[in-house]
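K.L.:
Please work out how this folds:
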Amino acid sequence: MTTRTKLSLPHIGVLLAGGASSRMGQDKAELPYQGRPLIAHMLALLQGLDLDRVVVSGDRPEFAGIADISPLRGPLGGLASVAMQLPDADLLVVPVDMPQLGAALLSRLQRAPAAACVHFVDLPLPMRLRLDAPLRHWLGDWLTDMNAPRALHRMQTRLQSLALPLQMADQLQLGNANTPADWERLSA
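P.N.:
Residues are numbered from 1 along each chain as shown. The predicted structure follows:
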C-alpha cells in the first residue's frame with residue numbers, strides 16, 4: 001500500500017528494453033535469467049516496488065511496449081518516446097540489462113531528496129526522473145535533432161542531477177550486460 005498523498009505525481013517504472021543489442025549479438029531482453037527471459041525478471045523487480053504502474057520502452061507487443069519514435073537513438077531515445085505517452089510523473093528508469101540490480105538499491109533512488117533527476121555517481125542508469133512539460137518539450141526537440149548527442153548524461157547535466165554515493169557492494173549490482181563476456185560474468 002502506498003503512503004503517498006493524492007496530490008503527489010504518479011510514480012511510474014520505466015523499463016528500457018528497446019535497444020538493438022548489437023554488442024551482445026542477440027536480444028538482451030530475451031536472454032534466459034533464473035528460468036525466465038531477462039525482461040520478465042526486470043519487470044518483476046519493478047512491479048515489486050512502490051510504483052503506480054510500470055511501462056516497457058521498446059517495440060515489445062507482448063509487454064504492451066512503447067516503440068521508439070526514432071529507432072537506434074539509444075536509451076535517451078527510448079525514454080523520449082515513453083515520455084510522449086505518459087502524464088507528468090516521477091519516473092524510475094531502469095535498463096533491461098542489469099540482472100543483479102536489487103529492490104533496496106532502487107528504493108534508495110525513490111527515497112532520495114526531491115530533485116529533477118537522481119542517479120548514482122558515475123552511472124546514468126538507473127535513475128529517478130521528474131517528467132513534466134519542460135522536460136517533455138526538451139526531449140521532443142532532442143528527438144527531432146538527429147545530430148544531437150545520445151548520451152543520458154547530457155540530459156542529467158541539464159537537469160543538475162543529484163548523484164548519490166555508492167558503496168562497493170552496491171556497485172556490484174549495477175553491472176550492464178552489453179557483451180557475451182559481460183553476460184557470462186553477470187548471469188553466473
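
K.L.:
Any buried residues in the biggest helix by length in the chain, and which?
P.N.:
Ranked by residue count under DSSP state H, the longest helix found in the chain is helix 133-144. Neighbour-count burial for helix 133-144, counted by 16 or more other CB atoms under 10 Å, picks out L135, R136, L139, W142, L143. Placement of C-beta: from N, CA and C, glycine included.

K.L.:
Out of those, which comes closest to A151?
P.N.:
Nearest to A151, judged by CB to CB, of these is W142 at 10.9 Å.

K.L.:
those helices in the protein, which residues are they?
P.N.:
Counting by DSSP H, the chain has helices at residues 38-47, 74-83, 103-111, 133-144, 152-158, 168-171, 180-186.

K.L.:
Tell me which of those helices sits most buried.
P.N.:
Highest mean neighbour count among those (mean count of other CB atoms under 10 Å): helix 74-83, with a mean of 23.

K.L.:
can you give me the angle that one makes with helix 133-144?
P.N.:
Helix 74-83 runs at 120 degrees relative to helix 133-144, counting by axes from the mean of the first three to the mean of the last three CA atoms, to 10 degrees.

K.L.:
can you list contacts of helix 74-83?
P.N.:
14, 16-19, 55, 57-58, 66-71, 73, 93, 95, 124-125, 129, 131, 135-136, 139-140, 142-143, 150-152, 154-155 (CB atoms under 8 Å, 6 or more residues apart in numbering).

K.L.:
Now a PyMOL select for only the buried ones of those residues.
P.N.:
Buried subset of these, written as a PyMOL selection, criterion 16+ other CB under 10 Å:
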select buried, resi 14+16+17+18+19+55+57+58+66+68+69+73+93+95+124+125+129+131+135+136+139+142+143+152+155
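
K.L.:
now, which of the contacts of helix 74-83 lie within strands?
P.N.:
V14, L16, V55, S57, V93, P95, P124, L125, L129, L131 (DSSP state E).

K.L.:
which residues sit in contact with E30?
P.N.:
Going by CB under 8 Å, 6+ apart, the list of residues near E30 reads P37, L38, I39.

K.L.:
go on, M127?
P.N.:
Residues in contact with M127 (CB under 8 Å, 6+ apart) are L92, V93, L109, C117, V118, H119, L152, Q156, S161.

K.L.:
Show me what it is bridged to.
P.N.:
M127 forms beta bridges with V93, H119, as assigned by DSSP bridges.

K.L.:
Could you check how far it is from L76?
P.N.:
Relative to L76, M127 is positioned 11 Å away (CB to CB, to the nearest Å).
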